[in-house]
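Asker: sharing a sequence plus its predicted fold:
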Amino acid sequence: MKIKFLFLLVLISSIAFSQDKTTAPAFKKRVLESTEVDFLASYYNQDGSKSAVSGGLGSEKLTDVASNIVVAMPLNDDDVLTIDLGISAYSSASSSNINPFNATGASGGDDDRIAAPTPSGTPWQASSGASKSDQLVSIVANYSHSSDSRNFIWNTDVSFSNEYDYTSVGFGGGIATLFNEKNTELSLKANVYLDQWRPIYPTELHEYSKYGANFLNQGYFNGVSVLDQNGQATTNYLPSAFQTVSGVNRNSYSASVGFSQVLTKKLQFSIFFDILQQQGLLSSPYHRIYFADKANYYIGQAQYINNYESSTNTGVYKLADDIERLPDSRFKIPVGARLNYYINERFILRTYYRFYSDNWDIQSHTATIELPIKLSDRFTVFPMYRYYTQTASKYYAPYETHLSTERYYTSDADLATFDANQYGFGINYTDIFTGAKIWKFGLKNIDFRFNHYERSDNLNANIGTIAFKFVMQ
């Protein structure tokens, strides 16, 4: 496989440089005429009933507000530097239940005591713990160079992102060559991401790892009653399967080959083929697991134990047997294609299909269709639809069905079998004369999109995005 990719890389490079030897034109148009600035904002909300933090059961309510500023600056006729700065902030009922007991908790590593003699929680409501919200900050810098003939382009990029429990550093690059009077394009890209966890564990497991078998009489649980399935106080709870993770790194490597061809004046298609390899900590340390062959233990109000799995449970939370465990490697292969057809001056048909497979036994199909409708020189509307289906990972099982004898286990519904439908529309406004201005920048484009997402396991989501593009004049 490596030999084939090396051959392909050499082939692309030889084609590219042979193209680049053509005589430069007497007049060379700049790749980017002037600085462009994009402002993007999005709002996302979801709800569901299979929270991975609560072992595959409970509220998945989440809201996220994100914004990005993308600045593309021409450095000269051939080179462009693009900076993408993003920040997002979310609040989540699911992640708040890393510590579900209505107190600050010790899951972050401190020695806080409970706020009340009888703490309580529920997988169906958000806790007031510190993990209920977080912020993600990211920055990506990309440098691209185009040959004099504009038939060969290379680029390189570097990225950084950080949130409370996770940091990522990435770098990569790519090349693209155009030939056949620029009707054909062949591209190759590669990226590496070096990530590091700062593991956060469910409160009960954190305390067990800190104090050992006698943890129910110390720290966070000192003076707290643990209940058995019958609602009786007990000291038998001992999550002996739990051990802290031994490694905190996650490295991802990807390579992508793309091919695009203009077939006729109205028809264009493209295909891509990716290879992705991940190594390291691929599970989430705060996802609980409940074993079917282990007794159940709770903290909270005994009267809610018998209807624990119902959203009417407002006062008891089940203590974990372990955290999600997954292999330390994953190999992914997505293959996709696009087909765009110009119907007439009013309508364009855009289609997309992708097949995905990995060595965790997940296979998926994605199909998308979009129909931009040009209402005028400035306004375009586009309805869109996306269908997705996948098979389950061999390591997945629903809430409380894994056995303690298994080596790997997860109850994260994202790794289960499901189908999904997404419906959306968009409105695009373009002003080629950039009539509206802010300081030295003229407004070139406004793009608004809204999508509704429905999954067969009752997860529902809505996302709205708006983007403004300005051009320096």
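Answerer: Good, I have the coordinates.
Asker: now the helices: where do they sit in this structure?
Answerer: Assigned by DSSP state H, the helices in the chain fall at 2-20, 93-96, 203-211.
Asker: so which bits of the last one are buried?
Answerer: Read it as helix 203-211. Residues of helix 203-211 classed as buried under the neighbour-count rule (16 or more other CB atoms under 10 Å) are 203, 204, 205, 206, 207, 208, 210, 211. From N, CA and C alone the C-beta is placed, and that goes for glycine too.
Asker: and it, what does it pack onto?
Answerer: Judged by 3 or more CB pairs under 8 Å, 6 or more residues apart in numbering; DSSP states H and E, helix 203-211 is in contact with no other helix or strand.
Asker: what sits up against it?
Answerer: Counting by CB atoms under 8 Å, 6 or more residues apart in numbering, helix 203-211 makes contact with 98-101, 105-107, 109, 201, 215, 218-221, 237-239, 242-244, 299, 319-320, 322-323, all of which sit outside it.
Asker: please save the CA atoms from that helix in PDB.
Answerer: Extracted in PDB, the C-alpha atoms of helix 203-211 (Å, rounded to 0.1, in the frame of the first residue of the first chain):
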ATOM      1  CA  THR A 203     -17.000  11.200  40.300                       C
ATOM      2  CA  GLU A 204     -17.500   7.800  41.900                       C
ATOM      3  CA  LEU A 205     -14.600   6.200  39.900                       C
ATOM      4  CA  HIS A 206     -12.300   9.100  40.500                       C
ATOM      5  CA  GLU A 207     -12.800   8.700  44.200                       C
ATOM      6  CA  TYR A 208     -12.200   5.000  44.100                       C
ATOM      7  CA  SER A 209      -8.900   5.500  42.200                       C
ATOM      8  CA  LYS A 210      -7.900   8.100  44.800                       C
ATOM      9  CA  TYR A 211      -8.700   6.300  48.000                       C
END
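Asker: renumber starting at 187 from here on
Answerer: Done: numbering now begins at 187, and the last item shifts to helix 389-397.
Asker: chain center to that helix, what's the gap?
Answerer: Between the centre of helix 389-397 and the centre of its chain there are 29 Å (CA atoms, centre = their mean, to the nearest Å).
Asker: same question for the second one.
Answerer: Its chain's C-alpha centre lies 17 Å from the corresponding centre of helix 279-282 when counted by CA atoms, centre = their mean.
Asker: which strands or helices does that helix pack on?
Answerer: Contacts defined by 3+ CB pairs under 8 Å, 6+ apart place helix 279-282 against strand 248-260.
Asker: so in that sheet, which strands flank the strand it packs on, and in what orientation?
Answerer: Taking DSSP bridges as the criterion, strand 248-260 sits next to strand 222-233 (antiparallel), strand 265-278 (antiparallel) in its sheet.
Asker: Serialize the buried residues of helix 389-397 to CSV and add fields for distance to residue 603 and pLDDT.
Answerer: Listed next are those as CSV, based on distance: CB to CB, whole Å; pLDDT from 0 to 100:
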residue, distance to residue 603, pLDDT
389, 31, 92
390, 30, 95
391, 28, 96
392, 32, 94
393, 35, 94
394, 33, 95
396, 38, 93
397, 40, 93
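Asker: give me the buried positions along stretch 240-254.
Answerer: Buried-residue list, stretch 240-254, by 16+ other CB under 10 Å: 240, 241, 242, 243, 244, 245, 246, 247, 248, 250, 252, 254.
Asker: end to end on it, go ahead and measure it.
Answerer: End-to-end distance of stretch 240-254 (CA to CA, to the nearest Å): 32 Å.
Asker: ok, now stretch 573-590?
Answerer: Stretch 573-590 has an end-to-end distance of 36 Å (criterion: CA to CA).
Asker: ok now that stretch, how far from the chain's centre?
Answerer: A distance of 19 Å separates the C-alpha centroid of stretch 573-590 from that of its chain, computed with CA atoms, centre = their mean.
Asker: same check on stretch 419-434?
Answerer: Distance of stretch 419-434 from its chain centroid, counting by CA atoms, centre = their mean, is 29 Å.
Asker: so which of the strands paired with strand 248-260 is nearest residue 599?
Answerer: Closest of the strands paired with strand 248-260 to residue 599 is strand 222-233, at 12.0 Å (criterion: CB to CB).
Asker: and the contacts of that closest one?
Answerer: If you take CB under 8 Å, 6+ apart as the criterion, strand 222-233 is touched by 245-258, 627, 630, 639, 645-658.
Asker: quick one: low-confidence parts of the protein?
Answerer: Scanning the chain with the threshold set as pLDDT under 70 gives 187-213, 288-304, 314-318.
Asker: before we move on, back to that, nearest to residue 475, out of the buried residues of stretch 240-254: which one, please.
Answerer: Checking those one by one against residue 475 (CB to CB), the nearest turns out to be residue 241, at 5.9 Å.
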